[in-house]
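Trainee: predicted model follows, preceded by the sequence.
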Amino acid sequence: DAGITQSPRHKVTETGTPVTLRCHQTENHRYMYWYRQDPGHGLRLIHYSYGVKDTDKGEVSDGYSVSRSKTEDFLLTLESATSSQTSVYFCAISGGLAGANEQFFGPGTRLTVL
Amino acid sequence: SQQGEEDPQALSIQEGENATMNCSYKTSINNLQWYRQNSGRGLVHLILIRSNEREKHSGRLRVTLDTSKKSSSLLITASRAADTASYFCATVTNSGAGSYQLTFGKGTKLSVIP
């Protein structure tokens, strides 16, 4: 987990409230990713970024937005949290020019939406 | 949608035995990666094998890739209790515009009994 931190590590919130998760890296890697991990589904990509202000959707992007205003920070926002967004969220980073290299993962954020 | 599918879903072996996990995928890949996840932690990259490689070793790990069968296997030799974890294969495919995407399978849960 060295070089990648996520905050908060745990959060409990209520349906309909906005939630922002933060990923911070000290590796100066170009690519950053947000995944969610649910039993029976493995890891699924929500959004990713290939540079400052450059983001794209992943497999399960509905209900989520992201922003990257600095190389080191990648924010994931749930505008209006729903119970189906209860999950463990992982941030990952990757170096290189095209995102085909190994990814390094943060420790995860456990989000519970009541 | 899942690109890689691991088999078996769960595996229980005695310490000292070898563990073999398989991964099948559907479309052409740039490379295939294996990750380990200990309970409650983020994923850790183990090994990357490129589409033009057939076998790769790293310590007690041996990975094979058969692109004609669209399958890969991960062999852990002389297993230890510390190898107890979930293991995921991830396929890297070209997502267009010169960038790549990593897609994870659902994982194999390995238990090594002391």
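Mentor: Sure thing, it's come through. Numbers count the residues shown, from 1 in each chain, chains lettered A, B, ... in the order given.
Trainee: which strand of chain B spans the most residues?
Mentor: Longest strand in chain B, counting residues (DSSP state E): strand B:85-96.
Trainee: list the pairing partners of that strand within its sheet, with orientation.
Mentor: Sheet neighbours of strand B:85-96, with direction, are listed as strand B:31-37 (antiparallel), strand B:99-104 (antiparallel), strand B:108-113 (antiparallel) (DSSP bridges).
Trainee: could you dump those strands into TSV and include mean neighbour count?
Mentor: Where you see a C-beta, it was placed from the backbone N, CA and C, and this is true even at glycine. Conversion of the strands paired with strand B:85-96 to TSV gives the following (neighbours: other Cβ atoms under 10 Å in any protein chain shown):
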stretch	mean neighbour count
strand B:31-37	23
strand B:99-104	22
strand B:108-113	18
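Trainee: by mean pLDDT, show me the worst of those strands.
Mentor: Within those, the least confident segment by mean pLDDT turns out to be strand B:99-104, at a mean of 84.
Trainee: got the CA coordinates for that one in PDB?
Mentor: Provided in PDB are the C-alpha atoms of strand B:99-104 (Å, rounded to 0.1, in the frame of the first residue of the first chain):
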ATOM      1  CA  SER B  99      -5.000   3.000 -23.800                       C
ATOM      2  CA  TYR B 100      -5.700  -0.200 -22.000                       C
ATOM      3  CA  GLN B 101      -8.100  -1.600 -19.500                       C
ATOM      4  CA  LEU B 102      -7.600  -4.100 -16.700                       C
ATOM      5  CA  THR B 103     -10.600  -6.500 -16.100                       C
ATOM      6  CA  PHE B 104     -10.600  -8.700 -13.000                       C
END
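Trainee: what's the burial count for the closest residue to residue B:7 other than its chain neighbours?
Mentor: The shortest distance from residue B:7 to any residue that is not its chain neighbour, by Cβ to Cβ, 6 or more residues apart in numbering or on different chains, is 4.6 Å, and that residue is residue B:22. Neighbours of residue B:22 under the rule other Cβ atoms under 10 Å in any protein chain shown: 15.
Trainee: same question, residue B:74
Mentor: Counted by other Cβ under 10 Å, the residues lying close to residue B:74 total 25.
Trainee: low-confidence stretches in chain B?
Mentor: Segments of chain B classed as low confidence (criterion: pLDDT under 70) are B:1-3, B:97-98.
Trainee: what is the most centrally placed residue in chain A paired to in the beta sheet?
Mentor: A centroid search over chain A (Cα atoms, centre = their mean) returns residue A:34, at 2.7 Å, as the residue closest to the centre. For residue A:34, the beta-bridge partners under DSSP bridges are residue A:47, residue A:91.
Trainee: just residue B:20 next, same as before
Mentor: The residues that residue B:20 bridges to, once DSSP bridges is applied, are residue B:75.
Trainee: verify the stated contact: it with residue B:79.
Mentor: No - in terms of Cβ atoms under 8 Å, residue B:20 does not count as a neighbour of residue B:79; the distance is 10.5 Å.
Trainee: show the pLDDT at residue A:69.
Mentor: pLDDT at residue A:69 comes out at 96.
Trainee: which residues touch the residue nearest to residue B:7?
Mentor: Under the criterion of Cβ atoms under 8 Å, 6 or more residues apart in numbering or on different chains, the contact partners of residue B:22 comprise B:6-7, B:71-74.
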